[in-house]
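J.: using only what follows, build the 3D model:
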Amino acid sequence: MKEIIREAVDQALTEMQLPEKPDYVIEKPKDPSHGDLAVNAAFLLARVLRKRPSLIAEDIAGRLKFGNDFVDKVEVAPSGFINFHISPRWSIGQLT
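T.: Numbering: from 1, shown residues only. Alright, predicted model coming up:
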């Protein structure tokens, strides 16, 4: 799943025509209510773009495209994290 999210985030960052892509991480949030995985790319871009991380995260999230129903929901936290809620159907499919 991390590979699918990385591909989507990389594509969104490419569309933003940045001078260079940040070396972001995809990690499990400490609070499970925030989703299954989170990306910190907006924090890394805040200084370069001179914008609040939450505004950058909204821009990135608005550009995300997923080919299938892997992700149920994408949320931008006020702090700037982009949180991903993985589809239960995808998770169940991984068990079979």
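J.: low pLDDT regions in the chain?
T.: Along the chain, the parts satisfying pLDDT under 70 run over 68, 89-96.
J.: longest helix anywhere in it?
T.: Of all the segments of type helix in the chain, defined by DSSP state H, the longest one is helix 2-15.
J.: where along the chain do the strands fall?
T.: Counting by DSSP state E, the chain forms strands over residues 26-27, 37-39, 71-76, 82-86, given from the N-terminal end onward.
J.: each with direction, which strands does the third one pair with?
T.: Strand 71-76 has the following strand partners under DSSP bridges: strand 82-86 (antiparallel).
J.: for the strand it pairs with, buried residues please.
T.: By neighbour count on 16 or more other CB atoms under 10 Å, the buried set for strand 82-86 is I82, N83, F84, I86. Quick note: C-beta positions are derived from backbone N, CA and C, even for glycine.
J.: what sits up against it?
T.: By CB atoms under 8 Å, 6 or more residues apart in numbering, the list of residues contacting strand 82-86 from outside reads 1, 5, 9, 29, 34-39, 41-42, 57, 60-61, 70-77.
J.: check those residues for burial and list the buried ones.
T.: Among these, those that count as buried by neighbour count (16+ other CB under 10 Å) are 1, 5, 9, 34-39, 41-42, 57, 60-61, 70-71, 74, 76-77.
J.: mind listing residues that contact the longest helix of the chain?
T.: Residues from elsewhere that reach helix 2-15, judged by CB under 8 Å, 6+ apart: 21-22, 24, 26, 37, 39, 41, 60-61, 63-66, 70-71, 82, 84.
J.: okay, the angle between that helix and strand 71-76?
T.: Between the direction of helix 2-15 and that of strand 71-76, the angle (axes from the mean of the first three to the mean of the last three CA atoms, to 10 degrees) works out to 50 degrees.
J.: need the strands of the chain in a markdown table (columns: distance to L13).
T.: Putting the strands of the chain into a markdown table (distance: least, CB to CB, whole Å) gives the following:
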| stretch | distance to L13 |
| --- | --- |
| strand 26-27 | 13 |
| strand 37-39 | 10 |
| strand 71-76 | 15 |
| strand 82-86 | 11 |
